[in-house]
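*Asks:* Sequence plus predicted model, see below.
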Amino acid sequence: MANVPRPSDSERVTLAAGVVGSATFISRVLGYVRDVAMASFFGTGLVSDAFIVAFRVPNLLRRLFGEGSLSIAFVPVFTDCLNHHGRDQAEQFAVSALRALFVLLAIVTVVGIVLAPAIVHLLAYGFTDDQEKYLLCIKLTRIMLPYTIFIGLVALCMGILNVLGHFAAPALAPALLNIAMISMVVITAWWSPSPVTRVTGLAVGVVVGGVLQLGLQTPFLIRRGIHFWRSAPFWHPAMKQILYLMGPAMFGAAVYQINHLVICLLGSLLPQGSVSYLYYADRLVQFPLGVFAMALATAVLPTLSRQASLGQTAALRKTFTHALQMIFFITWPSMVGLIVLREPIVAVLFHHGAFDEQSTRLTASALLYYGIGLWAFSAVRILLYTFYALQDTRTPVRLAAVSIAANIVLGTVLMQTMQHNGLALGLSLASILHLGLLTVALRKKLGAIGWRLIVQSAARSGVCALLMGVTVWAVAMAVLPPAGRFALGLPAGLLLCILSGVAVYCGLAFMLQVPELESVKQLVVKRTIS
């Protein structure tokens with residue numbers, strides 16, 4: 001039997017990103033179904049505003065204590081322990097980290113439930129003028145806070161499994177959350193006509209989803225030798241390095257969520273529905289951000305961490321360059337497509353039930369300004385994860401503080417004339433600034449990384465995306481109904497626009513010999529064969 005050549009680090013990252021991206025795609029589709037259910041049942045009024053703000057609280061804690069701090073600090077240290085101290089020590093370390101995180105999250109959850117009124121007052125000060133909305137938001141926050149325990153443990157399990165080479169189960173976990181939320185809101189809607197009762201059922205569904213997500217990870221951890229019942233010290237020596245990295249990572253990795261909390265706070269001061277317009281627009285931006293950017297960042301972190309641990313700086317630079325080239329190749333057309341087709345996309349996905357024509361128009365306008373920053377949102381992830389792989393969490397903290405300050409200033413100024421659109425544009429501009437600062441800092445740390453190749457690749461992808469956008473606009477003008485009208489042919493026309501855009505973009509990339517197209521082609525072929 002002929003020897004099969006081992007894939008390179010770049011190929012492994014691309015294949016892992018394909019696994020994560022495929023699973024994330026399933027989750028995002030179910031997330032769309034969930035959002036359609038929310039939009040249909042609750043529209044963009046009091047109940048939806050209250051739920052969206054309340055759901056931000058466990059999401060922020062998930063970023064702080066799960067994906068954003070312990071898990072991100074954990075992956076490089078766990079990789080280092082595995083490479084230099086052996087499998088047994090690494091397994092003990094993993095069990096210790098899971099137990100310590102459970103205790104920490106339980107304490108945070110209890111404190112959060114007690115302080116829920118103060119938290120809501122801080123995050124949505126404008127809600128205090130509407131007592132009904134304010135009290136409902138407090139109630140929903142208390143119901144959903146236990147979700148923090150489960151999703152934090154899921155995030156750490158994801159880090160363990162990713163380092164051990166398994167990506168599918170962690171990436172599929174969010175699909176279970178969406179299934180639980182959809183099921184609970186439908187069941188509650190069948191049982192009661194009250195919007196408050198229905199949204200309470202939706203909040204319960206969040207906690208049920210957290211339980212299901214953790215349950216999915218358990219058999220895969222056990223299969224890979226992570227036995228929760230094994231004897232392991234509560235305080236493993238490697239935990240010291242985790243704590244050293246965790247504090248700065250807690251702030252640096254949560255910058256996107258913190259910025260959205262700022263938007264929630266400022267949005268609560270605007271007319272009712274503003275928070276909901278921004279939420280639904282953000283959900284559409286999150287689709288390519290999650291399927292492509294987060295999938296690639298998740299896949300690249302273990303490889304970068306291994307290369308950094310073994311001192312393979314040249315390989316690390318190559319992996320970073322490849323990841324950033326792939327990010328721009330995919331996010332440029334996604335950004336252009338969302339901007340050009342923003343109103344028909346919102347209309348097809350959300351214009352149902354209580355989500356009326358005004359909600360569609362105002363959500364689409366927010367999507368325009370969020371879409372401008374999609375490429376920066378995506379690229380920031382790769383740069384952040386590169387710093388974390390190098391076990392440098394302090395540099396991202398300093399730069400994240402600048403980004404958050406810029407978001408506050410820009411949002412406060414722009415909302416005066418642009419209302420909720422100003423908050424979306426402020427976040428995009430702050431993220432572009434964040435990306436620029438991270439780029440300069442990383443160049444100082446690693447020297448020449450291959451920026452010329454990255455810029456050339458991004459420029460080629462950008463030209464293809466712009467020409468694609470012109471084509472999609474022309475097709476849309478020909479096949480889509482006038483703005484403000486929802487015709488039966490709108491979904492078919494939108495699909496034709498999207499397919500035309502994909503065909504033109506891939507054709508132009510082929511003509512310009514963009515190498516990232518070949519990487520995507522190889523990924524599709526290998527996934528199809530397997």
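*Replies:* Done, it's in.
*Asks:* Residue 302 is in contact with residue 163, correct?
*Replies:* Yes - the pair formed by residue 163 and residue 302 meets the contact definition of CB atoms under 8 Å, at 4.9 Å. Backbone N, C-alpha and C define where each C-beta goes, glycine included.
*Asks:* Can you list the neighbours in contact with stretch 309-320?
*Replies:* With CB atoms under 8 Å, 6 or more residues apart in numbering as the contact definition, stretch 309-320 has outside contacts at 9-10, 13, 76, 79-80, 83-84, 300, 303-304, 306-308, 382, 386, 389, 446, 448-450.
*Asks:* what about that stretch, average pLDDT?
*Replies:* Stretch 309-320 carries an average pLDDT of 84.
*Asks:* for stretch 152-164, same thing?
*Replies:* Averaged across stretch 152-164, the pLDDT comes to 82.
*Asks:* Off-centre distance for that stretch?
*Replies:* Shown here is stretch 152-164, whose average C-alpha point lies 16 Å from the average C-alpha point of the whole chain (CA atoms, centre = their mean, to the nearest Å).
*Asks:* Over to stretch 337-352?
*Replies:* Relative to the chain's own centre, stretch 337-352 is displaced by 20 Å; criterion: CA atoms, centre = their mean.
*Asks:* Quote the end-to-end distance of that stretch.
*Replies:* Terminal residues of stretch 337-352 lie 22 Å apart, using CA to CA, to the nearest Å.
*Asks:* which residues make contact with it from outside it?
*Replies:* Residues lying outside stretch 337-352 but in contact with it, judged by CB under 8 Å, 6+ apart, are 32, 35-36, 39-40, 280-281, 284-285, 288, 357, 359-361, 363-365, 367-368, 371-372, 374, 468-469, 472-473, 476, 480, 483, 486, 490-491, 493-494, 497-498, 501.
*Asks:* Show the buried residues in those residues.
*Replies:* Those of those that meet the buried threshold are 32, 35-36, 39-40, 280-281, 284-285, 288, 359-361, 363-365, 367-368, 371-372, 374, 468-469, 472-473, 476, 480, 490, 493-494, 497-498, 501, by 16 or more other CB atoms under 10 Å.
*Asks:* Mind checking which of the contacts of stretch 309-320 are in strands?
*Replies:* Within the contacts of stretch 309-320, no residue falls in strands by DSSP state E.
*Asks:* Quick check: next helix or strand after the host helix or strand of residue 421?
*Replies:* Under the criterion of DSSP states H and E, residue 421 resides in helix 420-446. Beyond helix 420-446 in the direction of the C-terminus, DSSP H and E gives the next helix or strand as helix 451-479.
*Asks:* So which bits of that next one are buried?
*Replies:* Under the neighbour-count rule (16+ other CB under 10 Å), helix 451-479 has 454, 457-458, 460-462, 464-465, 468-469, 471-473, 475-476, 479 buried.
*Asks:* For the closest residue in space to residue 35 that isn't next to it in sequence, the count of nearby residues, please.
*Replies:* Counting by CB to CB, 6 or more residues apart in numbering, residue 35 lies nearest to residue 283, which is 5.4 Å off, once chain neighbours are set aside. Residue crowding around residue 283 was assessed by other CB atoms under 10 Å; the count is 22.
*Asks:* mind listing the helices for the stretch 51-200 of the chain?
*Replies:* In chain order, the stretch 51-200 of the chain shows helices spanning 70-85, 87-114, 116-123, 131-144, 147-163, 168-191, 195-223, with DSSP state H, counting those that start in this stretch as the criterion.
*Asks:* Figure out which of those is closest to residue 411.
*Replies:* helix 116-123 (14.5 Å; CB to CB).
*Asks:* what's the angle from the closest one to helix 131-144?
*Replies:* Note on geometry: by axes from the mean of the first three to the mean of the last three CA atoms, to 10 degrees, helix 116-123 and helix 131-144 are set 120 degrees apart in direction.
*Asks:* just checking, what packs against helix 116-123?
*Replies:* Contact here means 3 or more CB pairs under 8 Å, 6 or more residues apart in numbering; DSSP states H and E; on that basis helix 116-123 packs against helix 46-62, helix 131-144, helix 255-267.
*Asks:* now do 10 Å
*Replies:* In terms of contacts (3 or more CB pairs under 10 Å, 6 or more residues apart in numbering; DSSP states H and E), helix 116-123 is packed against helix 46-62, helix 87-114, helix 131-144, helix 255-267.
*Asks:* isn't residue 207 right up against residue 146?
*Replies:* Yes - taking contacts as CB atoms under 10 Å, residue 207 lies within contact range of residue 146: 5.3 Å.
*Asks:* what do these two both touch?
*Replies:* Residues touching both residue 207 and residue 146 (CB atoms under 10 Å, 6 or more residues apart in numbering) are residue 58.
*Asks:* about what we covered before: selection in PyMOL covering whichever of the contacts of stretch 309-320 are buried, please.
*Replies:* In PyMOL, this line selects whichever of the contacts of stretch 309-320 come out buried by 16+ other CB under 10 Å:
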select buried, resi 9+10+13+76+79+80+300+303+304+306+307+308+382+386+389+449+450
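*Asks:* Count the neighbours of residue 317 for me.
*Replies:* If we define neighbours as other CB under 10 Å, then residue 317 has 17 of them.
*Asks:* gap between the host helix or strand of it and the chain center?
*Replies:* Taking DSSP H and E as the definition, residue 317 sits inside helix 313-340. The gap between the average C-alpha position of helix 313-340 and the chain average comes to 16 Å, counting by CA atoms, centre = their mean.
*Asks:* Check stretch 90-99 too.
*Replies:* Distance of stretch 90-99 from its chain centroid, counting by CA atoms, centre = their mean, is 26 Å.
*Asks:* Relative to residue 276, how far out is the spatially most central residue of the chain?
*Replies:* When the chain is reduced to its mean C-alpha position, the nearest residue by CA atoms, centre = their mean turns out to be residue 290, at 4.7 Å. Computed as CB to CB, to the nearest Å, the residue 290 to residue 276 distance reads 20 Å.
*Asks:* cool, and residue 481?
*Replies:* Taking CB to CB, one finds residue 481 at 25 Å from residue 276.
*Asks:* for residue 29, what are its contacts?
*Replies:* 175, 178, 287, 291.
*Asks:* so the first one makes contact with residue 213?
*Replies:* Yes - between residue 175 and residue 213 there is a contact under CB under 10 Å: 8.9 Å.
*Asks:* Give me the more crowded residue out of those two.
*Replies:* For residue 175 and residue 213, the more surrounded residue by other CB under 10 Å is residue 213, and the numbers stand at 26 against 22.
*Asks:* Leaving out chain neighbours, which residue sits closest to the more buried one?
*Replies:* For residue 213, ignoring the flanking residues on the chain, the nearest one in space by CB to CB, 6+ apart is residue 173 at 4.0 Å.
*Asks:* what's the distance between the one you found and residue 26?
*Replies:* Counting by CB to CB, the gap between residue 173 and residue 26 amounts to 11 Å.
*Asks:* So for these two, which residue has more residues nearby?
*Replies:* Set residue 173 next to residue 26 and count neighbours by other CB under 10 Å: residue 173 wins out with 24 against 15.
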